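>>> Starting from these lines, generate the structure:
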Amino acid sequence: MRKIATIILSIFVLISLTISIIGIFLNFYISPIPVVESININEKNELIIKYKIDSKKYRNKIYYLLKTDNSIPKINDNWILSKNNEISINMDKNIYYVYLKNEDNKIVKVNNTENLGKITSININKEKVYVAVNGEYKVNATYDSIGKINDEIKWYSEDESIAKVDENGKITGIKKGTTKVYAEIMNEKASLEVIVTNLITVKPNKFNSKKSYLPCGKYSKEDNDLLDEILKDRINDVGYKTRAATVEAARFLTLEFPYKIRYFSENGRGNTNGVDGEGRYYHLGLYLHSSRYSNIKKKLNGPKTWGCSLYSGPSHGYRSNGFDCSGFISWVMLNGGFDVGDIGAGLAPHLDLTDYGVRTKFNANVVNSGKVKVGDLLSSGGVNGGHIAIIVGEDDNYYYVAESLWTPPNVAVVIMPYSKKTIFNRYYYVMLMDSYYKEDGNLTKLWY
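Residues are numbered from 1 along each chain as shown. Model (predicted):
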């Protein structure tokens, strides 16, 4: 009996040992299933997936596969061998489904990768905007992203008592002051500076002929500096050195600037006796403060800024300084980016403003041709002189013309409507300016 018991025990031990050996063998050669430990997007915009496996096992190679849809991957797809228990994926705008596979072709889906995303940058199209009290200004935000994102842009103002902003990026000036407006998407935000000022007015639908004439000494140097910044910004918005820039300079002075600039018969100009700032001002910006006297190289009865009393030789009396007709157009052209020279408006043999563009006899056929555009110059002709103006608006029935007029009731720089049926009775020539401006920029037929 003892021998039989001993034999049975020996068989049992042998079977146990065999099973252990087989278990050890299988443990070495059956591929482990990876377990995902972490998923994140790093500062280099890489999707990092870390997993763990039993590193004691010999068959521990893990492969991964990226898919842009959620269809089930196949064993013979283009799987990529991973290294060091980590997967690094350069993210782009695609949404990725990630799968892991061991050497026994066991496939595991990495959960939630298709829901990961990040805003990599956000930009607002302006760094600074100038808004009139009760005025509006629309800004836009653009962004770059990777993966799946929520692309809702949240706009908000740092100080809503100064400026508000709606969900579309439209800023409204509330009171004079400076604040910031933010655009935020997910994890990123950008800001711009908003300056609300009473130095400009909300652009009206039509020119206000009843607004006051500019008084003398109304503005400080800081005011003049800020107005120059606003003018430059408005011009840059539509495209410096384009047709639209010239038009915008004229629109700014007649519509956003709160006063009328008086007509003043000049005491001279740059291409005659060199006198500057007396019925003309051939410089960038506005002539509102004595700090601008440094621009004046030669004077006759000045210097005096716009709105201040100055003796006019041609008028034989004192008038508020301002612009004559060619002085206004020269200033408009210069500030729009076109250095035409401080010249006159006639049809003389020497260079005049009528020599720019293609001078064309104005008549109904030209009006109906569609060749006349906002930004073209108009002339009443005359060898020894003549009146010149610029078209700053157009609708089906009218051209809206910015000009410096010397006859009551508007002895000032104004915008006048002229019927398309009769305008050529007032202006005999139109200078078609396409060949001179080259580019239209962000040109609009009207300013509203």
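>>> Which phi and psi values does Ser291 adopt?
Note on Ser291: its backbone torsions stand at phi -60, psi -20 [degrees, to the nearest 10].
>>> how close does the spatially closest residue to it that is not a sequence neighbour get to Pro258?
Ranked by Cβ to Cβ, 6 or more residues apart in numbering and with sequence neighbours excluded, the top spatial neighbour of Ser291 is Lys221, at 4.6 Å. Quick note: C-beta positions are derived from backbone N, CA and C, even for glycine. For Lys221, the distance to Pro258 (Cβ to Cβ, to the nearest Å) stands at 18 Å.
>>> Neighbour count: the two, which is higher?
Using other Cβ atoms under 10 Å as the criterion, Lys221 and Pro258 rank with Pro258 on top: 15 against 12.
>>> if I read this right, the more buried one contacts Asn208, doesn't it?
No. With contact taken as Cβ atoms under 8 Å, Pro258 and Asn208 are classed as non-touching, separated by 9.3 Å.
>>> Look at stretch 264-278 and report the distance between its end residues.
Looking at stretch 264-278, the gap from its leading to its trailing residue is 8 Å under the measure Cα to Cα, to the nearest Å.
>>> Kindly report the same for stretch 420-434.
With Cα to Cα as the measure, the first residue of stretch 420-434 is 20 Å from its last.
>>> can you list the residues that contact it?
Outside stretch 420-434, the residues that touch it by Cβ atoms under 8 Å, 6 or more residues apart in numbering are 243, 353-354, 356-364, 366-367, 371-373, 375-381, 389, 397-399, 401, 418.
>>> got the end-to-end distance for stretch 252-263?
17 Å.
>>> all helices in the chain, in order from the N-terminus.
Listed in chain order, the helices of the chain (DSSP state H) span 2-29, 221-238, 243-251, 325-336, 364-369, 434-437.
>>> Going by mean pLDDT, which of those helices comes out lowest?
Per-stretch averages of pLDDT across these put helix 2-29 at the bottom, with a mean of 52.
>>> and the residue nearest the centre of the chain, what does it touch?
The geometric centre of the chain, computed from its C-alpha atoms, lies nearest to Asn125 (Cα atoms, centre = their mean), at 3.8 Å. Contacts for Asn125 (Cβ under 8 Å, 6+ apart) come out as Val139, Asn140, Ala141, Thr142.
>>> if you set the cut-off to 7 Å instead, what comes out?
Asn125 sits next to Val139, Asn140 when contact means Cβ atoms under 7 Å, 6 or more residues apart in numbering.
>>> about what we covered before: I'd say the residue nearest to Ser291 and Leu286 touch.
No. Assessed by Cβ atoms under 7 Å, Lys221 is found out of contact with Leu286, at 11.7 Å.
>>> In the stretch 251-400 of the chain, where is pLDDT below threshold?
By pLDDT under 70, the low-scoring segments of the stretch 251-400 of the chain are 383-384.
>>> Quick check, Asn42 in contact with Lys50.
No. Taking contacts as Cβ under 7 Å, Asn42 lies outside contact range of Lys50: 11.5 Å.
>>> The two - which one has more neighbours?
Using other Cβ under 10 Å as the criterion, Asn42 and Lys50 rank with Lys50 on top: 14 against 11.
>>> quick one: that one and Asn40 touch, right?
No. Counting by Cβ under 7 Å, no contact exists between Lys50 and Asn40, whose distance comes to 8.8 Å.
>>> about what we covered before: how much space between the residue nearest to the centre of the chain and Ala183?
With distances defined as Cβ to Cβ, the gap from Asn125 to Ala183 amounts to 10 Å.
>>> Asn90 now?
27 Å.
>>> For the two, work out which one has more neighbours and name it.
Shown here are Asn90 and Ala183; by other Cβ under 10 Å, Ala183 has more neighbours (23 against 9).
>>> so what's that one up against?
The contact partners of Ala183, by Cβ under 7 Å, 6+ apart, come to Ile122, Ile124, Ala141, Ile153, Trp155, Gly169, Lys189, Ala190.
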